[in-house]
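*Asks:* Predicted structure and sequence below. I'll ask about it afterward.
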Amino acid sequence: MADGLNVVTRPPSAWRELRRSAAVIFGGVLVAVMIGIAILAPFLGTKDPAAIDPANRNKVPGYEVVTRDDDGNRVRSIARFGTDSLGRDIYSRVVYGARISLMVGLSVALISVLIGLAIGLVAGYVRWLDGVVMRLMDGLMAIPAILLAIALVSLFRAGLFSVIVAIVVPEIPRVVRLVRSIVLSVREEPYVEAAITVGTPVPVLLWRHVLPNTLAPLIVQGTFICAAAILVEAILSFLGIGIPPEIPTWGNIMAEGRTLFRVFPHNILYPGLFLAVTVLAVNMLGDGLRDALDPKMQRRF
Amino acid sequence: MVDNERAVLDVHGLSVSLPRGADRAQAVADVSLTVGRGEIVCIVGESGSGKSVTAQAVMGLLPKGQLTLTQGEIELEGVSLTGKTAAEMRALRGARMSMIFQEPMTALNPVERVGDQIAEVLEIHTDLGAAERRERVKAIMDAVHLPDVGQLIDAFPHQLSGGQRQRIMIAAALVLDPVLLIADEPTTALDVTTQAQILKLISEMQERRGTGVMFITHDFGVVAEIAHRVVVMQHGRVIETGATDDILRRPRNDYTRMLVSSVPSLEPQPRAAVDGPVTLETRRLSKTYGGGSWFAAQRHVKAARDVDLTVKRGETVGIVGESGSGKSTVARCIARLVKPTAGQVLIDGADIATLSERRLRPHRKRVQIVFQDPYRSLNPRRTVGASVIEGPMNFGTAKADAIARAQDLMTLVGLSPDALMRYPHQFSGGQRQRIAIARALAMEPEILIADEAVSALDVSVQAQVLELIDDVRKRFALAVLFITHDLRVAAQICDRVLVMRLGEIVEAGPTADVFLRPQHAYTRDLLDAAPGRHVVFGADAGSAPLGDTQHVVASEETLR
């Protein structure tokens, strides 16, 4: 019975913590801006990102592009980020590329967290399944995302679906391990045992008393998975085993610009900047969330 | 009073402020006390009374930014400590004053040999060579009666028992012969027999070396055993100071009188033998933990072996024993939180020991359990009401009926019905234990298991919760299985007791027989080790006036 501080312990409101954290605000605003860009892509002064213009290949940023429309009138426009070796407008491609990146990031985070949560709850609670499930997870963890992507692309066809599956599969075991460890400690809590003695059925028990304890860590883990997925998608596209090259993704744009990047560095610079800023923002958001939701960890430094 | 010439520690007018938002402005207010050379002064108080903060202030260990010393003077051997810099305080700590803590496991570094941890004090404060240091360490380890010092000096903390670890802590604290030793609940985490040895050691060391000891505890038994003088604290203030005998037998202050009279007596209450049908019976109940993996050899821990017990309707049967005796394992087997390895658990004659979860479910409501830790036994995310009605609704009670019954139960356990709308963190430990009892009663059980249900509570609250358990036993004719390590509590509430040791029952019988005429040597050891066994608390004061007790009850149990 240690009586150190007799400060009234009121669970600190997570929401209040969040608003105070600079990392959450900064990361959150950046992520919101990126999502805004992705959704509003057609209205941000973009052209068709796939439109080829052989007359205006490899132009530097700021070049005034002159094209003729269907009626033969000259249309002037500024290639803000320059054009690539097929004359496509890099600004439009980068803005539309945000759609693919964020879609991959969010859906991978969501799917792997949901599947991992379900498996983790079962593995943590049903003791005899634990060994089998965890060895299976160890096996999954040994599969490299890139090799799996190559296998999937050769089995099915290159596309968003194959990419998402290829990234989700190796992420699931990480979520399962996290959830399982939380379940193992929470199931020893007296309030869980009290629920057992009043005859609460196992599914209800897991939903009501165990699952809420996993939410905060899962939100945090989800943001890190999201950032990692965005990076892996870019790598797969860059290697030419992800999304087909005609669809603009940051990885595809960089892959296309790779051959001439000593002469025209803008081909790689702009998608690279967007990729870096997005991943940084998501990671900062995750860090901030972890500090706010897990008061046990040191808040500053 | 000790004259100031001889006072090792002189604290006067000490005030420490709490951060804003706390339940009071000051952790301690205007505290004055002295510790003389070779004197043991006990600071007693319930949790939140400010006794640990006083100790931290003396050591200069107040958490920065949270607690600040605002007023007062602390003098060690006539030299003021309040103006000292951090470096000066560091030089004093360990050399002139030192501290031992409650948890010997967490206070020792788990990856450093214990001898090195004692030697560290010498390394910091003296310029002895390595060989000399080792000699000094061996000498002090000898002095605290550690066996086989030559080997133990190179052991790691996890290789030692709890008592041995606390001896190491004491050795490290005393190796430089400080004038002041602060002991913050040093025996609270220990078993009663180990506690007796450590208390003996502390008084022996203090006598031989003339150390002044400031001993912080909540246990009046310990006070009776060890203290020369007692300082009673409440809400951050010193309520009463006096010689041990005066405080324990003739307390002047109402609060002190209430505290002292709440200490359960070791003298068993006369109780009529209960004659009813047997509700709970175990036959050769055994639980073995462990078992090997595919590749490792089998390792077994026999937590309970061939336990036979019966509890009749309306009877309270206690299981007493030290930690690791298997008493909680028996409780968990009966509540079927774990599956027994062998034997039978008969509830009204039906064996539930090996039933599958589905077949077991109808029997679940017949056995309910109240746990030790009031802060963890309620789901912090759910309202009290949701926790209480969960059980009945699992068995098909309509929500409205369940809530109505929960409201009645709240009143029954002494809380207001609108407590159902609140969250557990809004209640004190005693109130949460009441809620846990209400949750158990909502199931209309036949058997109530109290697994150390009052062990984490302050002594005044403990008395009230014990009374409540006894009250509901009578009202609902419950069979109560009362698990405790505290012999005083067992003496108050149990009709019969079983003494367990290493998984086996060594003695069983009516409480009066076991306590007054113990047959087994281990039972006698346990009773001998109970601190303050010769003292009748508040003997000369008469019982506390009823009005005062009720006043304190009200302040503790008022909703925040």
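*Replies:* Ah, there it is. The structure presented is a predicted model; accordingly, all values stated were derived computationally and were not measured. Residues are numbered from 1 along each chain as shown, chains lettered A, B, ... in the order given.
*Asks:* And chain B, is whichever strand or helix holds residue A:269 touching that?
*Replies:* Using DSSP states H and E, residue A:269 sits within helix A:266-293. No: if you take CB under 8 Å from any CB of the partner chain as the test, helix A:266-293 misses chain B, and the best it gets is 13.6 Å. For every residue, glycine as well, the C-beta is placed using N, CA and C.
*Asks:* got the end-to-end distance for stretch A:49-68?
*Replies:* Distance between the two ends of stretch A:49-68: 17 Å, counting by CA to CA, to the nearest Å.
*Asks:* With stretch B:413-421 instead?
*Replies:* 16 Å.
*Asks:* Other residues contacting it?
*Replies:* Stretch B:413-421 is contacted from outside by B:383-385, B:388, B:403, B:406-407, B:410-411, B:427, B:431, B:434-435, B:437-438, B:441, B:464, B:468, B:472, B:557, B:559, using CB atoms under 8 Å, 6 or more residues apart in numbering or on different chains.
*Asks:* in it, what's buried?
*Replies:* B:413, B:414, B:415, B:419, B:420 (16 or more other CB atoms under 10 Å in any protein chain shown).
*Asks:* Could you figure out how far the one helix or strand residue A:27 maps to is turned away from helix A:266-293?
*Replies:* Taking DSSP H and E as the definition, one finds residue A:27 inside helix A:22-39. Counting by axes from the mean of the first three to the mean of the last three CA atoms, to 10 degrees, helix A:22-39 lies at 130 degrees to helix A:266-293.
*Asks:* Now do helix A:22-39: everything it contacts.
*Replies:* Under the contact criterion CB under 8 Å, 6+ apart, helix A:22-39 has outside partners A:18-19, A:44, A:95, A:98-99, A:102-103, A:274, A:277-278, A:280-289, A:291-292.
*Asks:* Name the residues of it that come out as buried.
*Replies:* Buried residues in helix A:22-39 (16+ other CB under 10 Å): A:23, A:24, A:27, A:28, A:30, A:31, A:34, A:37, A:38.
*Asks:* I'd like the residues you listed written out as CSV, with pLDDT added.
*Replies:* CSV is the format used below for those (pLDDT from 0 to 100):
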residue, pLDDT
A:23, 82
A:24, 84
A:27, 90
A:28, 90
A:30, 92
A:31, 91
A:34, 91
A:37, 89
A:38, 89
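*Asks:* What about residue A:95, how many residues nearby?
*Replies:* Around residue A:95 there are 24 other residues, counting by other CB atoms under 10 Å in any protein chain shown.
*Asks:* Just the pLDDT for it.
*Replies:* What the model reports for residue A:95 is a pLDDT of 89.
*Asks:* ok, the helix or strand where it lies near chain B or not?
*Replies:* Using DSSP H and E, the element containing residue A:95 is helix A:90-125. No: using CB under 8 Å from any CB, helix A:90-125 stays clear of chain B, with a minimum separation of 12.1 Å.
*Asks:* which sections of the stretch 1-150 of chain A are below the confidence cut-off?
*Replies:* Low-confidence segments of the stretch 1-150 of chain A (pLDDT under 70): A:1-20.
*Asks:* again, only this time at 50
*Replies:* Scanning the stretch 1-150 of chain A for pLDDT under 50 picks out the ranges A:1-11.
*Asks:* Could you check how many residues crowd around residue A:138?
*Replies:* By other CB under 10 Å, the residues close to residue A:138 number 11.
*Asks:* Could you list every helix and strand that whichever helix or strand it is part of packs against?
*Replies:* Using DSSP H and E, residue A:138 maps to helix A:127-141. Applying 3 or more CB pairs under 8 Å, 6 or more residues apart in numbering or on different chains; DSSP states H and E, one finds that helix A:127-141 contacts helix A:90-125, helix A:160-186.
*Asks:* any idea of the angle that helix forms with helix A:90-125?
*Replies:* Angle of helix A:127-141 versus helix A:90-125, following the same axes, to 10 degrees, is 150 degrees.
*Asks:* so where's chain B uncertain?
*Replies:* Scanning chain B for pLDDT under 50 picks out B:1-4, B:541-560.
*Asks:* Residues of the stretch 101-250 of chain A that sit close to chain B?
*Replies:* Within the stretch 101-250 of chain A, the positions near chain B by CB under 8 Å from any CB are A:189-191, A:193-202, A:204, A:208-209, A:212.
*Asks:* Most remote residue from the middle of chain B, which is it?
*Replies:* residue B:129 (41.7 Å; CA atoms, centre = their mean).
*Asks:* in chain B, what residue is nearest chain A?
*Replies:* Proximity of chain B to chain A (CB to the nearest CB) peaks at residue B:391, 3.0 Å away.
*Asks:* Need the contact partners of the helix or strand residue B:480 falls within.
*Replies:* Per DSSP H and E, residue B:480 falls inside strand B:479-484. Here strand B:479-484 makes contact (CB under 8 Å, 6+ apart) with B:279-280, B:311-320, B:327-328, B:330-331, B:334, B:446-455, B:469, B:473, B:489-490, B:493-494.
*Asks:* Residue 265: neighbour count?
*Replies:* Because you didn't say which chain, this covers chain A. Residue A:265 has 14 nearby residues by other CB under 10 Å.
*Asks:* not quite, I wanted chain B
*Replies:* So residue B:265, with other CB under 10 Å, has 14 neighbours.
*Asks:* and it, that's in a strand?
*Replies:* No: counting by DSSP: H, G, I helix; E, B strand; the rest coil, residue B:265 is located in no strand; its state is coil.
*Asks:* so what's residue 149 up against?
*Replies:* Picked chain A for this. Taking CB under 8 Å, 6+ apart, one finds A:162, A:163, A:166, A:167, A:236, A:241, A:242 in contact with residue A:149.
*Asks:* think we crossed wires, I meant chain B
*Replies:* Residue B:149 touches B:138, B:141, B:142, counting by CB under 8 Å, 6+ apart.
*Asks:* ok so, going back, leaving out sequence neighbours, find the closest residue to the residue of chain B closest to chain A.
*Replies:* Excluding the flanking residues, the one nearest residue B:391 by CB to CB, 6 or more residues apart in numbering or on different chains is residue A:198, at 3.0 Å.
*Asks:* Verify the stated contact: that neighbour with residue B:364.
*Replies:* Yes: judged on CB atoms under 8 Å, residue A:198 makes contact with residue B:364 at a distance of 6.9 Å.
*Asks:* Spit out the residues that contact those two alike.
*Replies:* Here residue A:198 and residue B:364 have residue B:443 as joint contacts, going by CB under 8 Å, 6+ apart.
*Asks:* coming back round to it: now find how far off-centre the helix holding residue A:138 is within its chain.
*Replies:* Centroid separation for helix A:127-141 versus its chain: 25 Å, with CA atoms, centre = their mean, to the nearest Å.
*Asks:* okay, it in CSV with CA atoms only?
*Replies:* The C-alpha coordinates for helix A:127-141 follow below in CSV (Å, rounded to 0.1, in the frame of the first residue of the first chain):
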residue,chain,number,x,y,z
ARG,A,127,-4.7,-21.4,-25.5
TRP,A,128,-4.5,-24.6,-27.5
LEU,A,129,-4.7,-22.8,-30.8
ASP,A,130,-1.9,-20.4,-29.7
GLY,A,131,1.1,-22.6,-30.7
VAL,A,132,-0.3,-23.5,-34.1
VAL,A,133,-1.4,-20.0,-35.0
MET,A,134,1.8,-18.4,-33.9
ARG,A,135,4.0,-20.9,-35.8
LEU,A,136,1.9,-20.2,-38.9
MET,A,137,2.5,-16.4,-38.3
ASP,A,138,6.2,-17.0,-38.0
GLY,A,139,6.0,-18.7,-41.4
LEU,A,140,4.1,-15.7,-42.9
MET,A,141,6.7,-13.3,-41.5
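*Asks:* Can you list the buried residues in it?
*Replies:* A:130, A:133, A:134, A:137, A:141.
*Asks:* my guess is the third one meets residue A:181, correct?
*Replies:* No: proximity of residue A:134 to residue A:181 does not meet the contact threshold set by CB under 8 Å, at 10.8 Å.
*Asks:* Show me what residue of chain A gets nearest to chain B.
*Replies:* residue A:198 (3.0 Å).
*Asks:* Noted, bye for now.
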